Each structure stands twice: as structure tokens, then as C-alpha cells.
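Asks: sequence first, predicted model second:
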Amino acid sequence: MSDFDWKRISKHGDKIALAVLLLINVLITPNFLQLQTLFVNISQVATIAIVAVGMTLVIATAGIDLSVGAVMAVAGALAPLIFLSDFAQANPALGLTLSIVVPILVALACGLFNGLLVAYLGVQPIIATLIFFISGRGIAQVLTNGNLQTFNHPGFSYLGTGKILGLPFQGWLVVVIAIVFWYVVNRTMFGRRILAVGGNENAARLTGTPVRKVKTGVYVISAGLSGIAGLIVVAINSASDAARIGNLMELDAIAAAVVGGTLLSGGRAPIFGAILGAVIIQLVKYTLLANGVADEVALIAKAAIIVLAVYVQQGRKE
Amino acid sequence: MLDTNAFDLRKYLQGNGQSVGVWIALVVVVLFGAMRYDNFTGAYNISSFLNYNSMFIAIALGMCFVIMTGGIDLSVGSVVAFTSVCVAYLSPYGIQVALPGGILAGMAIGSINAFFVIKMRIPPFIATLATMLGAKGGALVIAGRQTISVDWTSNFTKFGMENVGGLLPWSIISVAILAVGLWIVLERTSIGRTVEAIGGGEDATRMMGLPVDRAKAFVYILSGGCAGLAGVILASGFGAGQPLEGVGWELSAIASVVVGGTLLTGGMGSVPATVAGALLLGLVFNILNFENGRGVISISAYWQMVVRGMFLFVVILLQARVSRATKKQGV
């Protein structure tokens, strides 16, 4: 095989991986070609995809956001606290609105905190977002006293179980978010600036890009999207367990972004690539689960995929 | 103990502002605790404090070397869990087999990290994130999802449970030997100097003809070995190999290293200050426990994570100020 062929294969590695995964599943996974399977996968891939979009933007500025899972937990712990409160019982519509708006605002505030640390204090992104990675889940558990909150709230559950035109609501949400951020990256000044900062920060600064604002912005967006994902997880389960919402999500999101072609060194933000990456990650999970592979072995498989994806990508860069 | 510290202090007063700060903070916190709580300076508190924190000192020491090269090792917590399970299986053969066995198991995972980072050129935090998952999965697989009880008839549990002279546990003695050894390696050997040089500028170090890859392999394998030692202490101190332990420990280690004044961008680093940083972080929790016991404040396990995060935050704020001040002087 010549070098040229190898390059082309690695360029389309994500699509090939998807095709291979689908083929394997059709062959070995029982009941794979069922509508039910599609729904399950769409409803579960949505959270990974939404977080991966935000992660892609952060990585495009050569940053990283390890706090996404913890921010999901904070948002997911807050929502039931609000709509189960006495106030919300008295004012159902307002209560529902607040239970969606307030957690997202809190998530945005977490993102602002991350962004300010990275952009204005010059703290490395890994370390800055590590703070919430550690303490965010703790805050969520303090809020709920570590209890599992279960609920029966059709209005809120629509986020996770509703259907539009027969397809899960959150699937449509992913489509909308992807289109919006594709437009932002490719057609707006802010998008160009994100790529400029990631491509060469000093050059961007010299040409008048407000580097600090752009950096702060991507962390705020990433946290906001994580907040939405946290709400969806809670809505799907009709339960909120602060210890588990978004656990290890940072890994899934980073893996999705990298598999989708985002360079860890910054400068590229393939939004639809990230969605494709999320689908691949979800399919791998589903394949292992549906074929009875133990969780702990699945962990090892996921680790191998991350290393492989980054390795292939390194080759692509050269 | 104070006498040996006094020697360090004098040396560090000359060049390293933050390191001095850590020692002063450490002394202040110890004095505060000694005056406020009756049993704070009791033999039981001292030996259990040192025993528990010897694990955190060990992983912080390895982390310090990794961070000095501009890298990071997120896998240490999982490696502790993994090796604790390994040594639980080795415990019937006694500590003389389990201790080297556990350290070797940790070094094995460390060499996987080294391979990923050096040969496959995967960014350290991704590579070690992957081994963090892999080691955790591996620990659960070999333990069959259970805690593995150690053999109580061999001398294995003495390592983590017996004190020399009623005060110093074997665990802290082994970690102290490790710390002194690493201090000498860093300050007096060529590999130590190469490690510091890499953090200052990897390309420049390579051009100077220093063995960059060898030094990087050294730090990741060292970090794995330190986590392995912590795993031995965990298994022997608690009488079980625990596949689910170690979550978030990498953060404690990173925090200790940062408190010790090692710049996260690599280059500068100090072994004694890292030990002091780990002790300081441990003392904060020790004091919180005492406050808890007095019923003044009630701190659940959940708050511990929040406190850990806030601690890291404060340190980062301090360090950002320090590094900005030095930058101003330099430019």
C-alpha cells in the first residue's frame, strides 16, 4: 500500500470507523436493525454530542474543558430542586421555566469562572477546569445532600422523552445546536476569531483579535451546553443522582471531538465532525453493552479508542 | 523533625519565595491545631496522619517530576487502586515480595504512559487519561469488582499498620527514604538536571544533546512507581486491595505540587516543597476533621471535594500572581 492511500484512509478514518461499527452491529448485535435501537441511541448520543460541540470550540482555541461532567451534575442537581419546590408547585409554568433557565445560568457562571481563570489569569486550561472537575460534583452533592431525587414531572421530562415527528426531542436539539454552531464557526466574526486564537495566539493578538474575550466566550459556551446536557440526562432518567450525572463525560466529549477531527493543538473546529465522533463513541458503548461486555472491560476499550484516535490524528497533522 | 526543616528553610529563603511560604503556612497550621485541639499532637493523630498522607506524598513526588517536564500524570489515582489489588494477591508472600511487586506493577503502567507520550507522541493528559481509564478497568477486572482482602497472617499488614517507636509508621519511613532519594536525584544527578531543563524548553534541551526521551521515560515510570508504593501502603494499611479507591487523588497530587511552588508550565520544582505541600493539604483536612468532631461545623464527605477544589483555586491565584511578578521583573 502506498503512502498516499494511507493518508486518504486516515483522513476518512471517522467515516470508515462508523461504517465498520455499523456492519459489526448488524452482524452480531441482536435486534440492531430495529426502530427502538435507533431511538435509544439517539436519545443517549444527544448528551455526548451537545457537550462535544462545546468541547470542540474550547479545543479549537487550544484549550480543554475538564469540568463539563461536573457542570452537568450541578445543573442536573439544581433542576429538580427548583421544580419540586413549593413555589414551583404553586406556579407550575413559571416553576418549569425557572428549573430550565436557572441551571443553565448557573452553568454559564461556572463557564465564566473557567474562562476568566484561563483568559485573564493565564492559568493553563487543564488546571483551571480541574477546579470544577473536583469541586463541581461536590457542590452538586452538597445541594442534594447526596440523595437521589426522583420525580414524576411530564413537563420537564419532555426534554428527555418527548418526541417531534416521531424522533426524540433531544435529537432535534442536537441538530439545531450543531447548525447554529456550524454557522457561528464558519460564518461569523466570533467563529473566525476562535480559529485564529487556536491557530496562532500571538498572531491573533497582534492583528487585534480580543483573545481574552474569545477564550472566555468558548468556556462559557461549553459550560452552557454542558448545563443543557445535564438537564437532558435528568429528564431521561426522571431522576437526579449528583454522583452519576455526567460522570466521565469529559472523556467522551474529548474523544468525540478528537475522533471528529479536532486538533488538540487548536485551530480547527469541525462541528459536524464532533457530532459524528459522538455517534461513534455512543455506538462503541452500545455495541459493548448490547453484547454483554462488562463495564470494566468497556472502560479499557474506551481508553484504547482515545489513544488510537489521537495517534491517527497526530499522523494526519504531519 | 523541626531541626531538619530549619536547614531547608535557610536554603529556600534565598531563592524560592513560595516554598518559604509553604513552610511558614505549615508551621502556622500545626501551631493552630496544637493550640486548638487536645489530641492534635497526640501520638495517635500524628501516626495516623502520617500513615494516611504518606500515600499522597508519594504520588505528589512522582507528579512533581512529571510536571517539571511540562507534562501531567492523571493516571496516578487509578494506578494506586490497581496496585493495591495486585499486592493484595501478593500479600501471602509477605511484604518483601509485595512491596517490590506493587512498585513494579505501578512502573509497568508508568511505562505504558511513557510509551504513549514519547513514542506515540500523544499529549500527556490524553495519554494518562486513557491509562487512568485502563488501569481502573484493569483493577476491576483482576479484582472481580470486589475489594480483595489481604493475608493477615503474613507480615504484609505490618507495613501499613505498625509504628516504629510508637510514632512513625513504616509507610512514612519508606516515603521519606523515597523523598530523600528523589531530592538527590533532582539536585545532584544529570537525569535530574535534564528533567528541569526539559521544562524550561524541550527543543532547546534536545539540541543541547541531553537525553530528553530517557528523562521523560524516567519521570512517567517514576510516577507510576510512586503510585505503586502508595498502592502498597493503601492495601496494607486498610487490609484490602480496593479497585474503586483513588478517585480524585491525582488532583490532590497536582494541588500539592502546585502548592509546593512547582510551576505548572514546567522547569522549576522542589522535592521538599512538594512534601510540604502534600502535608499542608493533608493538615487542612485533618483540621476540618477535628472541627467536625467538635461539632462546630458539619462537613460531609461531599464538602471535602469542594474544599479540595477551593484549595487548588487559592493556590492557583497565588501562583498566577507570583509568576506574573517574576515575568514583570524578567521583561
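Replies: Looks like it arrived, so ask away.
Asks: from here on, contacts and neighbour counts on C-alpha atoms
Replies: Will do.
Asks: now do the helices in the stretch 101-250 of chain A.
Replies: A:125-144, A:154-161, A:169-187, A:189-199, A:201-206, A:211-237, A:249-259 (DSSP state H, counting those that start in this stretch).
Asks: report the buried residues of stretch A:27-39.
Replies: A:Thr29, A:Phe32, A:Phe39 (16 or more other Cα atoms under 10 Å in any protein chain shown).
Asks: tell me where the model's unsure across the chain.
Replies: All of this refers to chain A. A:1-11, A:315-318 (pLDDT under 70).
Asks: actually, chain B is the one I wanted.
Replies: B:1-19, B:263-267, B:295-299, B:321-331.
Asks: what does it have sitting close to chain A?
Replies: With Cα under 8 Å from any Cα of the partner chain as the criterion, chain B comes near chain A at residues B:116, B:120-122, B:126-127, B:129-131, B:133-138, B:140-141, B:248, B:251, B:264, B:302-310, B:312-313, B:316-317, B:320.
Asks: quick check on these: which are buried?
Replies: For the residues of chain B next to chain A, buried by 16+ other Cα under 10 Å: B:116, B:120, B:122, B:126-127, B:129-131, B:133-138, B:140-141, B:248, B:251, B:264, B:302-310, B:312-313, B:316, B:320.
Asks: using CSV, please lay out the buried residues of stretch A:27-39 together with distance to A:Gly76.
Replies: As requested, those are exported to CSV (distance: Cα to Cα, whole Å):
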residue, distance to A:Gly76
A:Thr29, 32
A:Phe32, 31
A:Phe39, 22
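Asks: so which of those residues comes closest to chain B?
Replies: A:Thr29 (23.2 Å; Cα to the nearest Cα).
Asks: tell me which residues touch that closest one, please.
Replies: Contact partners of A:Thr29, counting by Cα atoms under 8 Å, 6 or more residues apart in numbering or on different chains, are A:Thr287, A:Ala290, A:Asn291.
Asks: can you do 10 Å?
Replies: A:Leu22, A:Leu23, A:Tyr286, A:Thr287, A:Leu288, A:Leu289, A:Ala290, A:Asn291, A:Gly292 (Cα atoms under 10 Å, 6 or more residues apart in numbering or on different chains).
Asks: nearest residue to the fifth one in space, please, no chain neighbours.
Replies: Setting aside the residues directly before and after it, A:Leu288 is nearest to A:Ala298 in space (Cα to Cα, 6 or more residues apart in numbering or on different chains), at 6.5 Å.
Asks: ok, that neighbour touching A:Leu289?
Replies: Yes: using Cα atoms under 10 Å, A:Ala298 makes contact with A:Leu289 at a distance of 8.1 Å.
Asks: just say helix, strand or coil for the nearest residue to B:Val257 once chain neighbours are set aside.
Replies: Spatial nearest neighbour of B:Val257, chain neighbours left out: B:Thr274 (5.0 Å); criterion: Cα to Cα, 6+ apart. Classification of B:Thr274 by DSSP: H, G, I helix; E, B strand; the rest coil places it in helix.
Asks: ok, now B:Gly246?
Replies: On the basis of three-state DSSP, B:Gly246 is classed as coil.
Asks: among the helices of the stretch 101-250 of chain A, which is nearest B:Thr147?
Replies: helix A:125-144 (24.5 Å; Cα to Cα).
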